[in-house]
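Enquirer: What would the 3D arrangement of this be:
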Amino acid sequence: MPRKDGTGPLGDGGKGGTGRGQGGGQGRGQGKGRGMGVGGDCVCTSCGATAPHKNGVSCTTLKCPKCGSPMIRKS
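Expert: Numbers count the residues shown, from 1 in each chain. This is a model prediction of the structure:
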């Protein structure tokens, strides 16, 4: 990995190596800040109630309308 960004050649892990040579790098276009895209639902972690996901609003910032528990994203 000459540029230390995960785009270098794949290795074989070698003897006594860390074993990261088999595609352990991150690769291009898979960095932070990537959402799950358009659509999907927010789901309550306690009661399972769902609400439609709104673009630009993280499901984790919402509270369940039924019980007040945090919600998570379901694609």
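
Enquirer: Which helix or which strand is home to residue 42?
Expert: Remark: residue 42 resides in strand 41-44, with elements defined by DSSP states H and E.

Enquirer: Which strands and helices lie in contact with that strand?
Expert: Counting contacts by 3 or more Cβ pairs under 8 Å, 6 or more residues apart in numbering; DSSP states H and E, strand 41-44 packs against strand 50-52, strand 71-74. Where C-beta positions appear, they are placed from N, C-alpha and C, glycine not excepted.

Enquirer: With respect to residue 60, which of these lies nearest?
Expert: When the helices and strands packed on strand 41-44 are compared by Cβ to Cβ, strand 71-74 sits nearest residue 60, at 6.5 Å.

Enquirer: List the buried residues for the closest one?
Expert: residue 71 (16 or more other Cβ atoms under 10 Å).

Enquirer: contact partners of that strand?
Expert: 36, 40-45, 50-51, 53, 58-60, 62-64 (Cβ atoms under 8 Å, 6 or more residues apart in numbering).
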